[in-house]
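[1] Below: sequence and its predicted model.
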Amino acid sequence: MAVGEGHEAFELQIQDAPHNIEGRAAQEAKWEGSYDDRQHWSLREAYIIHRDRLQTAQQDFYHVQTLVRGHFTSESPLRDLNFSLLERIADFAFLQGQAVRFVADWQQTSLDKHANIRFVARKRPMLHFEADAGDWDCVEVDARESRVVCHDGRMHRTGRRLEMIHKNFVLDTVYGSKVSDETFYQEEVRPLVQRALAGTEATVICYGQTGTGKTHTFNACWQRVGADLVGHSISVTFFEIHGKKCYDLLQQRKEVALRADASEQVHVRGALTATVTPAVSSDLETILEDALRLRKAEATERNPVSSRSHAVCVLDIEGHGTIRFVDLAGSERNYETHHMSAKQHRDFAEINMSLMALKDCFRAHAQLIRQRPGRPPYRASRLTQVLRSCFTDPLHQTIILAMVSPTATDLLHSTNSLLQVTQMSKALTQLRSECTVDVPLLSFKAESPIWEWATEDVDKWIKTVDNGRFKYLVLPPKITGAMLLKLSSQGLADLFDMSLRESRVDNEGQAWNTTASSAAGVARVGRLLFNAVRREAIQWEGGFTMLQEAKIREAMERQRAEEGHDLPPASERHCDFFFWGNTSADPQQLQDR
């Protein structure tokens with residue numbers, strides 16, 4: 001019977017009635033045009049505009065990792081510190097205290113590996129044009145722990161701050177950008193070739209965005225497969241699945257049909273089977289290179305030679321077994337589909353449906369391996385029908401390879417590739433985790449001492465000092481640097497407490513997070529800000545001396561007030577006594593910090 005024959009008959013039965021044809025044509029016209037991709041372009045723009053802040057946050061996370069790993073090292077002095085103290089250190093130094101337990105939980109990782117399926121990730125190197133465009137590497141690969149960590153920096157939906165989402169994925173094996181093609185082949189693909197020579201079936205499935213190196217990896221593998229199969233008679237079938245149609249790449253893309261026999265084994269009817277007995281490795285490579293030139297390719301923004309179909313290469317070794325290589329169609333990022341026809345959108349839908357079906361089949365197969373109820377839905381797409389033995393043959397060996405781009409602008413799709421691959425295994429799904437930290441939006445470098453700052457300088461400083469600790473504070477109008485220096489810690493607390501009350505009355509929004517709205521929280525904010533102001537002052541020439549003199553003048557003014565004497569004019573006072581409070585912070589102690 002013809003695979004999909006019933007579906008095609010159903011399509012004929014639901015054709016538009018005459019009175020619906022005009023409406024369908026109008027909808028097709030809407031799908032045909034360009035789209036408003038401002039949201040996606042703004043994401044790319046945010047990566048470039050704020051890359052310094054995002055890169056700093058990524059480096060800070062590496063420092064947090066060092067702290068936590070030191071805690072778990074027997075000879076490290078950090079071992080004696082508990083997690084609460086490590087969180088306070090990480091929060092004070094890097095504003096990423098919540099990342100401490102996120103990293104610590106990695107130590108509890110124990111992976112129950114699948115006997116017949118391996119989940120692998122490979123990261124490609126950065127390309128020269130990406131570095132020239134200001135992109136950077138935001139994908140961390142830890143081969144020892146089989147871990148990939150993606151650092152996803154983005155603008156918060158409020159538009160007032162940045163956030164960094166650290167996403168953790170664990171697989172069976174991961175390979176960094178410096179791993180050679182030879183090493184990858186010897187460790188991952190060659191064992192499958194040996195199993196095929198032993199009489200079983202094996203499949204290598206490559207998953208990832210166009211431009212991540214899927215075709216490059218397969219080309220490197222095929223060159224080495226030819227060397228390992230020298231002297232063996234090999235029957236080669238090479239075809240592509242494009243939407244609901246199938247094309248033979250060994251016959252100038254002649255359309256062929258998929259047929260299933262009584263045992264539901266799928267065959268490519270009309271496809272040419274090329275037989276070759278390689279004398280050298282290049283004999284097999286030549287056949288495959290000729291076929292690859294015929295693959296369906298359409299231009300996208302990401303790659304002008306982008307494969308838009310699933311390619312399946314079957315190598316049947318006479319007297320032995322079979323090995324298949326599957327190059328899945330790249331699923332483009334949303335903004336790369338800016339200029340697409342309605343037909344192309346339908347093609348993308350077909351691609352995504354086949355990838356979803358593949359995921360569901362492997363998930364059901366894992367259930368069966370664990371002797372739990374499950375049924376792989378391999379009839380859901382042409383792709384899963386062709387790969388049926390991967391889900392039904394208990395001896396079939398499969399590698400699912402996720403190709404990952406290192407760049408920030410590709411990260412949305414890199415994380416999606418890792419997400420889709422890990423979803424095929426319940427164990428890997430449970431090991432996924434993520435942690436979100438706030439990142440200061442602005443970067444401020446003072447060009448003059450704090451006592452010379454205008455209101456604009458104070459506003460920028462308050463949002464960036466101590467890694468953005470005070471970014472939620474609302475400044476009263478016309479506050480200058482000199483005015484900040486005149487306030488004590490209680491004065492600063494009272495000042496912002498009044499500002500908070502006024503903003504609530506006038507419906508101007510929040511002043512800072514709710515944890516600081518209590519009396520204790522307000523006082524703590526005042527003390528922290530008071531110390532930050534003093535630390536800023538002593539960084540400048542003459543700042544330390546000025547604070548020492550101010551401390552002496554303040555003590556004298558306090559004594560005169562307590563004795564009932566008249567105070568100096570307001571313009572000459574060191575401190576507005578309405579704001580008097582804890583001023584015990586010694587400049588010498590601040591300088592020593």
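    Ah, there it is.

[2] quick one, strands of the stretch 51-200 of the chain?
    117-123, 139-142, 147-155, 162-170, 173-175 (DSSP state E, counting those that start in this stretch).

[3] Most tightly packed of these?
    strand 117-123 (a mean of 24; mean count of other Cβ atoms under 10 Å). C-beta here means a position set from N, CA and C on the backbone, and glycine is covered the same way.

[4] And for that strand, what's in contact with it?
    Contact with strand 117-123 is made by 139, 141, 148, 169, 171-177, 179, 184, 188, 213, 217, 362, 365-366, 397-406, 418, 421-422, 424-425, 428, as judged by Cβ atoms under 8 Å, 6 or more residues apart in numbering.

[5] In this structure residue 309 contacts residue 242, no?
    Yes. Using Cβ atoms under 8 Å, residue 309 is in contact with residue 242, at 3.9 Å.

[6] rewinding a little: residue 383 is nearest to which of the strands of the stretch 51-200 of the chain?
    For these, proximity to residue 383 was assessed by Cβ to Cβ; strand 117-123 is nearest, at 16.6 Å.

[7] Which one of the strands of the stretch 51-200 of the chain lies nearest to residue 393?
    Evaluated over those, closeness to residue 393 peaks at strand 117-123, with 11.8 Å, by Cβ to Cβ.

[8] tell me the contacts of residue 367?
    373-374.

[9] Could you turn the buried ones of the contacts of strand 117-123 into a PyMOL selection?
    Selection of buried members from the contacts of strand 117-123 for PyMOL, criterion 16 or more other Cβ atoms under 10 Å:
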select buried, resi 139+141+148+169+171+172+173+174+175+176+184+188+213+217+362+365+366+397+398+399+400+401+402+403+404+405+406+418+421+422+424+425+428
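
[10] quick one, helices of the stretch 101-250 of the chain?
    128-132, 181-184, 190-197, 214-228 (DSSP state H, counting those that start in this stretch).

[11] Dump the strands of the stretch 51-200 of the chain into CSV; add mean pLDDT as well.
    Formatted as CSV, the strands of the stretch 51-200 of the chain follow (pLDDT from 0 to 100):
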stretch, mean pLDDT
strand 117-123, 94
strand 139-142, 96
strand 147-155, 92
strand 162-170, 93
strand 173-175, 96
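
[12] got those strands as a markdown table, with distance to residue 435 columns?
    Formatted as a markdown table, those follow (distance: least, Cβ to Cβ, whole Å):
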| stretch | distance to residue 435 |
| --- | --- |
| strand 117-123 | 20 |
| strand 139-142 | 13 |
| strand 147-155 | 10 |
| strand 162-170 | 5 |
| strand 173-175 | 19 |
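
[13] Could you say which one of those strands comes nearest to residue 320?
    Nearest of the strands of the stretch 51-200 of the chain to residue 320, taken as Cβ to Cβ: strand 117-123 at 21.1 Å.

[14] Please name the strands paired to that closest one in the sheet, noting orientation.
    strand 173-175 (parallel), strand 397-404 (parallel) (DSSP bridges).

[15] Deepest-packed of the helices of the stretch 101-250 of the chain, please.
    helix 214-228 (a mean of 20).

[16] Which strands or helices does that one pack on?
    Contacts defined by 3 or more Cβ pairs under 8 Å, 6 or more residues apart in numbering; DSSP states H and E place helix 214-228 against helix 181-184, helix 190-197, strand 201-207, helix 281-292, strand 322-327, strand 397-404.

[17] Tabulate these in CSV, adding columns for distance to residue 85 and mean pLDDT.
    Below are those laid out as CSV (distance: least, Cβ to Cβ, whole Å; pLDDT from 0 to 100):
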stretch, distance to residue 85, mean pLDDT
helix 181-184, 42, 94
helix 190-197, 47, 94
strand 201-207, 42, 92
helix 281-292, 58, 79
strand 322-327, 50, 92
strand 397-404, 35, 94
